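>>> fold the following, please.
(one chain, ligands or ions: 1)
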Amino acid sequence: MGDQPQPMRAIAAGVILAVENGQSLSQCLPPALNRLAVHERAELQALCFGTCRWFHRLDAELSGRLKKPLRKPDRIVHHLMLVALFQLRFSQQATYAVLNETVEACRALGKPHLTGLVNGVLRAAEREGAPEPGDDAARFSHSHWMVEKLRHNWPEDWQRILEANNTQAPMTLRVNALRFARDEYLALLAEAGIDASATPFAPFGIQLARPVPVDHLPWFADGAVSVQDEAAQLSTTLMDLAPGQRVLDACAAPGGKTCAILEACAGLAEVVAIDESADRLPRVQENLERLDLSATLKQADAAATDTWWDGDPFDRILLDVPCSASGVIRRHPDIKMLRRESDVTPLAAVQLGLLDALWAILKPGGRLVYATCSVFPQENHRIIQRFRKGQTDAVLVEPQAQWGRDMGAGRQLLPDPDSHDGFFYAVLEKPEP
Ligand SMILES: C[S@@+](CC[C@H](N)C(=O)[O-])C[C@H]1O[C@@H](n2cnc3c(N)ncnc32)[C@H](O)[C@@H]1O
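Okay, the predicted model is just below:
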């Protein structure tokens, strides 16, 4: 391969292989993008996102077309063919270009002995068209376990959830209420020729008709708006924020909700933002700086309160726990490949542990909002039910909300192709003695 720049498809195949080996797109895509000229980067991103999104369907087709699996050292050629199949099935690219450039990429990957196979498989795929999916995993392009879990959890909705996961999420903004009223910012967008509308549920939200680069958004660098899904924005509507309160954002990075809290209520006494990840915590600081906001940042395991807590209880706690992220698959299609069924039970243990530990440092009369971007009840209302069995002083507050559905112990939003992500919220209050 020497010093020759690699063709885009070869780079994309390397990215998909890295995801199969456990890296997230947010880890392995940025270095891959940096290997290309700026004008080629959007195409590589689209190839990688699209191939992950349709991985399970494409992989079922490709496996059916191969007489036997490729040897381990040649595995990257399998991914190269997946990228090509994605283009044949889901893009407008001319077939001859896909075929020629994939064969070229195969050579560039140092696998000239496989160019005949690649050519033959792709020609047959083009000639014969897409096969009828053999099962629901291929049909909906998700892993078997995820299809079965969703079918079990959501007998009425599972197909809609799976279909929504395969759509491209809209771009949604949160207007910085300290700078602009939402209508004012909508007018600025209209002047800039950007088609947008107010979100129905989140008071500062704006959904764009089509995504645009953030530097096209009026006053973005000056902190006028942030990119944040509508469901994620709802956290502040549940916190009942008021000046003078001491607020904890217990799992804060990259800081979307920390910033939303500070924008939603001027005059909070202090916002403490914790994250255990040293890599992710600086992102909170970057976001605060762009928005000209400030918070107390700590790198810690929030559940180990003896390591970071100063003994002064919090009026409000936002607990946006680590979770399966099964509600945001359309934004992170690599989750389909990365998440294992065996991840969910340990995550639920961490979630319950965080909730138990942080309940102890909530002031009597205070409120805790529990949030996930998951659609699995195991991480959502069942955590709240399990928690309340052990905490007799936790009062469940039913939000007066137009969104989502009442699960008896919190509200669930399912991903909606035309608007918000999948999310879960529960509101708990600690009574005064
Ligand atoms: C769902 S993300 C938070 C998203 C963030 N609230 C936002 O809106 O931008 C969960 C975060 O929890 C962090 N985390 C996981 N376990 C933690 C723990 N025990 N203590 C503190 N942070 C933790 C992860 O590093 C991750 O950044």
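
>>> where does the protein have low pLDDT?
Counting by pLDDT under 70, the chain contains low-confidence ranges at 1-4.

>>> please parse it into its domains.
Here the chain is described, according to automatic domain parsing, as comprising the domains 8-140, 172-227, 230-429.

>>> so which of those gets nearest the ligand?
Nearest of those to the ligand, taken as CB to the nearest ligand atom: domain 230-429 at 3.2 Å. Using the backbone N, CA and C atoms, a C-beta is placed for each residue, glycine as well.

>>> is that closest one in proximity to the ligand?
Yes: counting by CB under 6 Å from any ligand atom, contacts between domain 230-429 and the ligand involve 232, 251-257, 274-277, 280, 301-303, 320, 322, 354.

>>> remind me, longest strand of this structure?
Longest strand in the chain by number of residues (criterion: DSSP state E): strand 362-372.

>>> tell me the phi and psi of the spatially most central residue of the chain?
Geometric centre of the chain, nearest residue: Val328, 4.2 Å, by CA atoms, centre = their mean. Dihedral pair for Val328: phi -120, psi 30, per degrees, to the nearest 10.

>>> isn't it up against Ile335?
Yes: the criterion here is CB atoms under 8 Å, and Val328 meets it with Ile335 at 7.4 Å.

>>> still on that earlier bit, and the domains of the chain, which is most packed in?
Per residue and on average, the most neighbours among the domains of the chain fall to domain 230-429, with a mean of 19 (mean count of other CB atoms under 10 Å).

>>> how far away from the center of its chain is it?
15 Å (CA atoms, centre = their mean, to the nearest Å).

>>> what residues are up against the residue nearest to Leu117 when sequence neighbours are not counted?
Residue nearest to Leu117 in three dimensions, not counting chain neighbours: Val77, with 7.7 Å by CB to CB, 6 or more residues apart in numbering. Shown in contact with Val77 (CB atoms under 8 Å, 6 or more residues apart in numbering): 13, 70, 106, 109, 111, 114, 117-118.

>>> ok, Arg316 next?
Arg316 neighbours (CB under 8 Å, 6+ apart): 239-241, 245-248, 366-369.

>>> quick one: those residues as CSV, columns for distance to Val19 too.
Compiled in CSV, these are given as follows (distance: CB to CB, whole Å):
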residue, distance to Val19
Met239, 35
Asp240, 40
Leu241, 39
Gln245, 42
Arg246, 41
Val247, 36
Leu248, 34
Gly366, 41
Arg367, 39
Leu368, 35
Val369, 32
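
>>> of those residues, just say which sits nearest to Arg65.
Using CB to CB, the shortest approach to Arg65 within the contacts of Arg316 belongs to Val369, at 49.3 Å.
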